[in-house]
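Visitor: This is the structure alone, sequence omitted:
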């Protein structure tokens, strides 16, 4: 898929061409494309023309997915209580627009793509009951992108008011040897648990837990997920595989297992997801350089 060409369509207002490309993609491919578009366009882009009429469900999903992505860009990883006034307006305004469009699309189609983005909106819900409704819709939908289950994991994560056990329950229940891209869920769950120890846990042993996190059972589970992905038969969904290779590369980077990180980095063939690589203070080129240097030197 030529993302740059789709970006040109969007910037030129050729919304139907964008929707046609999304419709031809796999569920995860469609989610990935909308997410990438949301990081390529001007945040002030008027999204209303994406919906040609009240029954344009493809337009509603595109509008909702872009609005959710632009809201995430506005937050830029900051906790809601640490955002500036401008960030707050852009973030919650974007979530409101996204949730409205996606709710309408879901009611008309029961789309797994709509449910996946709506689950993302519900990570930080705007109203009581939104998270539970989004979870029920997601689990009842067909054709759910892998990122939809990842959004459910985040909605249930401890840093968003849930528990580590609930997050891992989703990751492990959706791990499927016939769908090797599901390895992404295991890598993300461990990444998030270590991040919690590192940034949110105020207990006395939190720093030690973060430092040694990838040793023992956590490292073993991530290693098994890596083997599932690296030994998979050809023919998996390319977008799901990119998602999994990205998260495993970063998990192994954090765990100082740079040779494995480099194998997953090589599999990405230059693909870069801004929502993943942007989680670090270092620019992606620096992280990739560290991975490759340490893999070659045994560091």
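Guide: Structure's in. What do you need? None of these values were measured; they are calculated from a predicted model.
Visitor: Is it correct that residue 113 falls within a helix?
Guide: Yes: Residue 113 forms part of a helix when assessed by DSSP: H, G, I helix; E, B strand; the rest coil.
Visitor: any idea which helix or strand of this protein has the worst average confidence?
Guide: Counting by mean pLDDT, DSSP states H and E, the weakest-scoring helix or strand in the chain turns out to be helix 206-211, with a mean of 83.
Visitor: Downstream of that helix, the next helix or strand is which one?
Guide: Per DSSP states H and E, helix 206-211 leads on to helix 217-230 as the next helix or strand towards the C-terminus.
Visitor: if I read this right, residue 143 contacts residue 116, doesn't it?
Guide: No: assessed by C-beta atoms under 8 Å, residue 143 is found out of contact with residue 116, at 9.4 Å. C-beta here means a position set from N, CA and C on the backbone, and glycine is covered the same way.
Visitor: Mind listing the shared neighbours of the two?
Guide: Common contact partners of residue 143 and residue 116 (C-beta atoms under 8 Å, 6 or more residues apart in numbering): residue 27.
Visitor: which one of those two has more residues nearby?
Guide: Using other C-beta atoms under 10 Å as the criterion, residue 143 and residue 116 rank with residue 116 on top: 32 against 15.
Visitor: Closest to the centroid, which residue in the chain?
Guide: In the chain, the residue lying closest to the centroid (C-alpha atoms, centre = their mean) is residue 147, at 5.3 Å.
Visitor: do you know how far that residue is from residue 275?
Guide: Residue 147 is 9 Å from residue 275, where distance means C-beta to C-beta, to the nearest Å.
Visitor: any residues in contact with both of those two?
Guide: Overlap of the contact sets of residue 147 and residue 275 (by C-beta under 8 Å, 6+ apart) consists of residue 35.
Visitor: so what's the residue nearest to the centre of the chain closest to, chain neighbours aside?
Guide: Spatial nearest neighbour of residue 147, excluding adjacent residues (C-beta to C-beta, 6 or more residues apart in numbering): residue 31 at 4.7 Å.
Visitor: got it, and residue 186?
Guide: residue 225 is the one closest to residue 186 (C-beta to C-beta, 6+ apart), at 4.1 Å.
Visitor: Just the pLDDT at that neighbour, thanks.
Guide: You'll see residue 225 listed with a pLDDT of 97.
Visitor: That one: how many residues sit nearby?
Guide: By other C-beta under 10 Å, 25 other residues sit near residue 225.
Visitor: quick one: contacts for the residue nearest to the centre of the chain?
Guide: By C-beta under 8 Å, 6+ apart, the residues touching residue 147 are 28, 31, 32, 35, 116, 120, 243.
Visitor: In contact with the second one, which residues?
Guide: Taking C-beta under 8 Å, 6+ apart as the definition of contact, the neighbours of residue 31 are 65, 113, 116, 117, 145, 147, 148, 239.
Visitor: and the gap between it and residue 166?
Guide: Separation of residue 31 from residue 166 (C-beta to C-beta): 22 Å.
Visitor: Contacts made by the least confident helix or strand of the chain with the rest, please.
Guide: By C-beta under 8 Å, 6+ apart, the residues outside helix 206-211 that reach it are 194, 197, 198, 201.
Visitor: If we use 7 Å, what do you get?
Guide: By C-beta atoms under 7 Å, 6 or more residues apart in numbering, the residues outside helix 206-211 that reach it are 194, 197, 198.
Visitor: Return a PyMOL selection command for the buried portion of those.
Guide: To isolate the buried members of those in PyMOL, using 16 or more other C-beta atoms under 10 Å:
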select buried, resi 194+197
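Visitor: Compile the contacts of helix 206-211 into TSV and extend it with columns for secondary structure and pLDDT.
Guide: Below are the contacts of helix 206-211 laid out as TSV (DSSP: H, G, I helix; E, B strand; the rest coil; pLDDT from 0 to 100):
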residue	secondary structure	pLDDT
194	helix	91
197	helix	89
198	helix	86
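Visitor: May I see the contacts of helix 206-211 arranged in JSON lines, with distance to residue 218 as well?
Guide: Formatted as JSON lines, the contacts of helix 206-211 follow (distance: C-beta to C-beta, whole Å):
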{"residue": "194", "distance to residue 218": "8"}
{"residue": "197", "distance to residue 218": "11"}
{"residue": "198", "distance to residue 218": "14"}
